[in-house]
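J.: only geometry, no sequence info:
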């Protein structure tokens, strides 16, 4: 069984910081692209930060230089450090694990956590 469990959300003032955690069990993070998505009410989820299987990070422009994604493949953990938070960062944040498949297991795999709410007050 694969589980992604997010934690660390909460209420913070604008300009503050939060660190979201994602505990992944049942998968090898070396074989999955890990990502953080966020979702505004009534909107589709959008990716905001990813770390590839070789550890390369990438970000959407609106969070670049403010958010940092990191992982520990041994502990099975992924983090999102969020700094200088803005009211427009208020959303539900989701951890995602995606694999295109491998030679031994060719089916793509896509797993999600339950989400954690981040609220930034102005």
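T.: Thanks, I have it. Computed from a predicted model, the values in this text were never measured in an experiment. Numbering: from 1, shown residues only.
J.: Residue 46 versus residue 61, what's the distance?
T.: Residue 61 is 12 Å from residue 46, where distance means CB to CB, to the nearest Å. Every residue, glycine included, has its C-beta placed from N, CA and C.
J.: Between the two, which is the more surrounded one?
T.: Taking other CB atoms under 10 Å, residue 61 and residue 46 do not tie; residue 46 has more neighbours (12 against 6).
J.: Please name the residues that touch that one.
T.: For residue 46, the contact set (CB atoms under 8 Å, 6 or more residues apart in numbering) comprises 37, 38, 39, 60.
J.: any idea whether the most centrally placed residue in the chain is helix, strand or coil?
T.: By CA atoms, centre = their mean, the chain has its centre lying nearest to residue 36, at 2.1 Å. Put simply, residue 36 is strand when judged by DSSP: H, G, I helix; E, B strand; the rest coil.
J.: Quick check: it touching residue 94?
T.: Yes: counting by CB atoms under 8 Å, residue 36 touches residue 94, with 7.1 Å between them.
J.: which residues touch the host helix or strand of residue 4?
T.: Here residue 4 sits within strand 3-7, counting by DSSP states H and E. For strand 3-7, contacts defined as CB under 8 Å, 6+ apart pick out 20-26, 93-97, 111-116.
J.: thinking again about what came up before, highest neighbour count among the contacts of residue 46?
T.: residue 38 (22 neighbours).
J.: where do the strands sit along the protein?
T.: For the chain, the strands defined by DSSP state E cover 3-7, 10-13, 18-25, 33-39, 46-51, 57-59, 67-72, 77-82, 91-99, 109-112, 116-121.
J.: got those strands as TSV, with mean pLDDT columns?
T.: Conversion of those to TSV gives the following (pLDDT from 0 to 100):
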stretch	mean pLDDT
strand 3-7	97
strand 10-13	98
strand 18-25	98
strand 33-39	98
strand 46-51	97
strand 57-59	98
strand 67-72	98
strand 77-82	98
strand 91-99	97
strand 109-112	96
strand 116-121	98
